[in-house]
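[1] Predicted structure and sequence below. I'll ask about it afterward.
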Amino acid sequence: MTAQKSAAIVLAAGLGTRMKSALPKVLHPVAGRAMVLHLLDRLDELSFDRKIVVTGRDAQEVTRAVAPVPTAIQDPPLGTAHAVLAARDEMAGFDGDVLILFGDTPLMTRKTLETMLDARRGPGNPAIVVLGFRPDDPGQYGRLVTGSDGALEAIVEWRDANPDQRNIPVCNAGIMAVDGKHLFELLDAVGNDNAKEEYYLTDIVAIARAGGLTCAVTEVADEREVMGVNARAELAIAEAVMQERLRDAAMANGATLTDPSTVYFNFDTVLGSDVTVGPNVVFGPGVTVGNNVEIRAFCHFEGADISDGAIIGPFARLRPGARIGIDAHIGNFVEIKAALIETGAKVNHLSYVGDARVGAGANVGAGTITCNYDGFFKSHTDIGAGAFIGSNTALVAPVSVGDGAIIGAGSVITTDVPANALAVERNDQKHLDGWAVEYRSRKSAEKNKKKG
Ligand code: UD1
Ligand code: MG
């Protein structure tokens, strides 16, 4: 970007009624991040001098979510021009280019924003650059009216357009780059004499032309990028597009996805190099994966940190606070929560390990449960390095198992086990010699008698 200053105004004061939700529209998540925050992330990549989010009825919730980006309030919402005017105070004394964006377009890319600003500063020094696109179905988008020289003359909203104008294939994506010198003067001249009786931002183009200023169009090739989310069905489409991008990025960065379309990422998922992800894996928020990790089919992760060389799954669930050490193995039907599994330790089958530490090289047998919750409080289980926990053991926390200790299968461990000890908690086994033979002959005699 050049040295010229730039500001961004994000409009998010619309009512979002079609979402049918108590949550403000722009806070609905795509890949685990609120739509408006995706947009602010892109803006952050370009270092704007000022950023303002215009919010309405949902001001409090949106303000909290976008902080420290300041908000301006537009209530009631009387149209997109009226919304930009709400940011007037925040923009006082600003001298530079102003990018106006819609908060419900989470798929916008940094490249498009850059192109818009470059065009604003480029040949012809247009006062306004509008982002145009050619959707397969232009529907009710505003149409871009150009003159014989290709310059932009006006934007006509669909409701106000005549049949010829409705045939124009190039539509308004809703994003504009405006020379800040003219912006508020142009907005002040906007009226509401139109089908919706709203103050249309789009009107500033014709007003600028009437005042002898130049306006231009920059077209974006992929219409999905400018897609506005107004209803849940569109939210699902945006999610699908975002997931596709995240999968492509993961593979481009050196991960193998066996069946990419079945892997779901969060916007913040971090994968190391040479990670293999099998089919049907879901990454929730806050997951970091090291190098050479193998994630087998059907795993679900959130808030987990997986170190180099670990093997996870199939069918493993890692919950917040799960930290899986180098070369550790977490196998099928194992749930780990708030637990540190140290280097090379194994929890391979049918276990719950929560609020715990499993020391390096320890082996946790099938069906081991850390009983971490008594209905009121959570307690910690500590398993030492090299310990061996026999199958079907219940570790009733708070409790510790010393380094190298062995727990006999089926034990309920309620007191601390010293290092290198054997702990077995179950009844002694007894044998009644010949009992089975005597039992069988007694029972078959009874049966024969009944048949009689
Ligand atoms: C707008 C454009 C249309 C364009 C389309 C692209 C206008 C007049 N029309 O129409 O040309 O093709 O977007 O998607 O600009 N908002 C406010 N305050 C308001 C009204 C809206 O903050 O008073 C915000 C909304 O939250 C939303 C954005 O502005 O983020 C766009 O509003 P919306 O009502 O969706 O405009 P469209 O009718 O889709
Ligand atoms: Mg819209």
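    Received it, and whenever you're ready, just let me know what you need. Ligands and ions are numbered 1, 2, ... in the order given.
[2] Next, count neighbours for residue 404.
    17 (other C-beta atoms under 10 Å). C-beta: built from backbone N, CA, C; applies to glycine.
[3] cool, and residue 92?
    8.
[4] repeat for residue 274
    Neighbours around residue 274, by other C-beta under 10 Å: 14.
[5] so what's it up against?
    For residue 274, the contact set (C-beta atoms under 8 Å, 6 or more residues apart in numbering) comprises 254-256, 291-292.
[6] Inside strands: which ones of the residues you listed?
    Residues of the contacts of residue 274 located in strands (DSSP state E): residue 256.
[7] with the contacts of residue 274 in mind, which one is nearest to ligand 1?
    When the contacts of residue 274 are compared for distance to ligand 1 (C-beta to the nearest ligand atom), residue 255 wins out at 34.2 Å.
[8] right, and that closest one touches residue 277 too?
    Yes. Contact criterion C-beta atoms under 8 Å: residue 255 and residue 277 qualify, at 6.3 Å.
[9] which residues are common contacts for the two?
    Common neighbours of residue 255 and residue 277 (C-beta under 8 Å, 6+ apart) are residue 271.
[10] Between those two, which is the more surrounded one?
    residue 277 (29 against 21).
[11] For that one, give me its contacts.
    Going by C-beta under 8 Å, 6+ apart, residue 277 touches 250, 255-258, 263, 271, 295.
[12] Mind pulling up the pLDDT for it?
    We have a pLDDT of 98 for residue 277.
[13] thinking again about what came up before, the contacts of residue 277: which two are farthest apart?
    Farthest pair in those (C-beta to C-beta) is 258 and 271. Separation: 14.1 Å.
[14] Those two: who's more crowded?
    Higher neighbour count among residue 258 and residue 271: residue 271, with 24 against 15, using other C-beta under 10 Å.
[15] isn't that one right up against residue 250?
    Yes. The pair residue 271 and residue 250 qualifies as a contact (C-beta under 8 Å) at a distance of 5.6 Å.
[16] and the gap between the residue of the chain found nearest ligand 1 and residue 130?
    Ranked by C-beta to the nearest ligand atom, the top residue of the chain for proximity to ligand 1 is residue 142, at 2.3 Å. Using C-beta to C-beta, to the nearest Å, residue 142 is found at 9 Å from residue 130.
[17] just to revisit the earlier point, intersect the contacts of residue 274 with the contacts of ligand 1.
    Residues of the contacts of residue 274 in contact with ligand 1 (C-beta under 6 Å from any ligand atom): none.
[18] Save the contacts of residue 274 as JSON lines, and put in distance to residue 442 and pLDDT too.
    Below are these laid out as JSON lines (distance: C-beta to C-beta, whole Å; pLDDT from 0 to 100):
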{"residue": "254", "distance to residue 442": "70", "pLDDT": "96"}
{"residue": "255", "distance to residue 442": "65", "pLDDT": "98"}
{"residue": "256", "distance to residue 442": "63", "pLDDT": "98"}
{"residue": "291", "distance to residue 442": "65", "pLDDT": "98"}
{"residue": "292", "distance to residue 442": "62", "pLDDT": "98"}
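[19] Please identify which two of the contacts of residue 274 are farthest apart in space.
    Using C-beta to C-beta, those reach their maximum pairwise distance at 256 and 291, which is 12.7 Å.
[20] Appreciated, that's everything.
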